[in-house]
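A.B. asks: structure for the following, please:
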Amino acid sequence: MCASRGVFESRADLLTGGFNYDHKYAFDTKANGTGVSGSVTQKGEAVSGDVKVNATIVDQIIDLELNQDAKAKVTASFPSVIPNGKLSVGGTVQDLESFKVSASLVAGALGLKADVANYAAPRADASVCYALGGGVAVGAMATVKSSALAYAVAAQSKQGDVTYALTAADQFKTFKVSAVTALDNKQTIGAEVTYKKTATATIGYSKKMDGHSFKAVVSNPVAAEVNPTLCVNASLGSLIPKTTATLSAQVDKSVRTQTKRNSNARVSSRLVSSRPGGSCQTIAAPILVG
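C.D. replies: Reported below is the predicted structural model:
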């Protein structure tokens, strides 16, 4: 759906976990229109892997994936069946209920998409998006499962460098309004207010640098009591070739009418190294400061 829910969300996404060393080996080759790729990952004593095959037959695209449990997932795409659209069928061979039929269509300013899965207990998902012009678009989505209906509607408007979005979800129980603007080609700032029984305001800032990125988000309930949550994330991608280091921190600070103040900080870091045909190691070290 083309309408946006807003770039900045208040939920924390800290990197947690203990020290771990994961080794990954991968290969990728293509010849005569058929591509074959695969990978093997070792986590401690556990080993997992998969092999993928992609082939084009006439105008049909066939994807086959086989994992270590000998489960085969097949997807067939038929680009020419629906004019200006796409039709595909796919699922796991050993589990016929997993098969899903998907169709999409783009006609001028109108976009449609629909999925139907699980013939035993059907679930249908549908979405529509329409561009009104002048940088304004509206959209809606709905899900039907076991006679239960879930739906959401949204609208988005881009005026100059500012993108505004309004969303009503959860059967009109959750409402979000946001505004995001680019300060320049590397810096973005935005604000969002979410209402679901109570309201929460969020302000976020992100910046891209040469091979690095930085993001900071502050959220606070819309109430007389100030109780902000600060999340900071930095990604360093140019320290070592083909290696990315990520540092994340979250600080919760409660300031109440009494003199009592509480603060908690959680800091974590992750280093990921990946080389084609070689190994991949991940090191995560969380630190809790109370």
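
A.B. asks: my guess is residue 78 contacts residue 101, does it?
C.D. replies: No - taking contacts as C-beta atoms under 8 Å, residue 78 lies outside contact range of residue 101: 10.8 Å. Backbone N, C-alpha and C define where each C-beta goes, glycine included.

A.B. asks: joint contacts of these two?
C.D. replies: 87-88 (C-beta atoms under 8 Å, 6 or more residues apart in numbering).

A.B. asks: show me where pLDDT drops low in the stretch 101-250 of the chain?
C.D. replies: The model of the stretch 101-250 of the chain has pLDDT under 70 over residues 241-243.

A.B. asks: which residues does the residue lying closest to residue 109 once chain neighbours are set aside bridge with?
C.D. replies: In this structure, residue 109 finds its nearest non-sequential neighbour in residue 131, 4.0 Å apart by C-beta to C-beta, 6 or more residues apart in numbering. Note on residue 131: beta-bridge partners residue 137, judged by DSSP bridges.

A.B. asks: for residue 131, give its distance to residue 107.
C.D. replies: 11 Å (C-beta to C-beta, to the nearest Å).

A.B. asks: quick one: which of these two has more around it?
C.D. replies: Comparing residue 131 with residue 107 by neighbour count (other C-beta atoms under 10 Å), the higher total belongs to residue 131, at 16 against 10.

A.B. asks: where's the more buried one relative to residue 158, distance?
C.D. replies: 11 Å.

A.B. asks: and residue 167, by the same measure?
C.D. replies: Taking C-beta to C-beta, one finds residue 167 at 16 Å from residue 158.

A.B. asks: same check on residue 149?
C.D. replies: In terms of C-beta to C-beta, residue 149 sits 31 Å off from residue 158.

A.B. asks: then residue 165?
C.D. replies: Taken as C-beta to C-beta, the span from residue 165 to residue 158 is 10 Å.

A.B. asks: could you do residue 251 as well?
C.D. replies: Residue 251 is 33 Å from residue 158, by C-beta to C-beta.

A.B. asks: what pairs with residue 208 across the strands?
C.D. replies: Counting by DSSP bridges, residue 208 forms beta bridges with residue 213.

A.B. asks: that one contacts residue 186, doesn't it?
C.D. replies: Yes - counting by C-beta under 8 Å, residue 208 does reach residue 186; the two are 4.6 Å apart.

A.B. asks: measure stretch 109-123 end to end?
C.D. replies: Stretch 109-123 has its terminal residues 27 Å apart, counting by C-alpha to C-alpha, to the nearest Å.

A.B. asks: off-centre distance for that stretch?
C.D. replies: 20 Å (C-alpha atoms, centre = their mean, to the nearest Å).

A.B. asks: that stretch: which residues count as buried?
C.D. replies: 111-113, 115-118 (16 or more other C-beta atoms under 10 Å).

A.B. asks: export those to TSV and append columns for distance to residue 39 and secondary structure.
C.D. replies: Shown next, in TSV, are these (distance: C-beta to C-beta, whole Å; DSSP: H, G, I helix; E, B strand; the rest coil):
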residue	distance to residue 39	secondary structure
111	34	strand
112	35	strand
113	30	strand
115	27	strand
116	31	strand
117	27	strand
118	29	coil
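
A.B. asks: export those to a markdown table and tack on distance to residue 173?
C.D. replies: Shown next, in a markdown table, are the buried residues of stretch 109-123 (distance: C-beta to C-beta, whole Å):
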| residue | distance to residue 173 |
| --- | --- |
| 111 | 26 |
| 112 | 26 |
| 113 | 24 |
| 115 | 24 |
| 116 | 26 |
| 117 | 25 |
| 118 | 26 |
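
A.B. asks: what residues of stretch 148-161 count as buried?
C.D. replies: Buried residues in stretch 148-161 (16+ other C-beta under 10 Å): 152-157.

A.B. asks: mind exporting it as PDB, just the C-alpha atoms?
C.D. replies: C-alpha atoms of stretch 148-161 as PDB (Å, rounded to 0.1, in the frame of the first residue of the first chain):
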ATOM      1  CA  ALA A 148     -13.200 -12.100  10.700                       C
ATOM      2  CA  LEU A 149     -12.500  -8.800   8.900                       C
ATOM      3  CA  ALA A 150      -9.600  -6.500   9.600                       C
ATOM      4  CA  TYR A 151      -9.000  -3.300   7.700                       C
ATOM      5  CA  ALA A 152      -7.100   0.000   7.600                       C
ATOM      6  CA  VAL A 153      -7.100   3.200   5.500                       C
ATOM      7  CA  ALA A 154      -4.400   5.700   5.000                       C
ATOM      8  CA  ALA A 155      -3.600   8.900   3.100                       C
ATOM      9  CA  GLN A 156      -0.300  10.500   2.200                       C
ATOM     10  CA  SER A 157       0.600  13.900   0.800                       C
ATOM     11  CA  LYS A 158       4.000  15.100  -0.300                       C
ATOM     12  CA  GLN A 159       4.300  18.900  -0.400                       C
ATOM     13  CA  GLY A 160       7.700  20.200  -1.300                       C
ATOM     14  CA  ASP A 161      10.200  18.400   1.000                       C
END
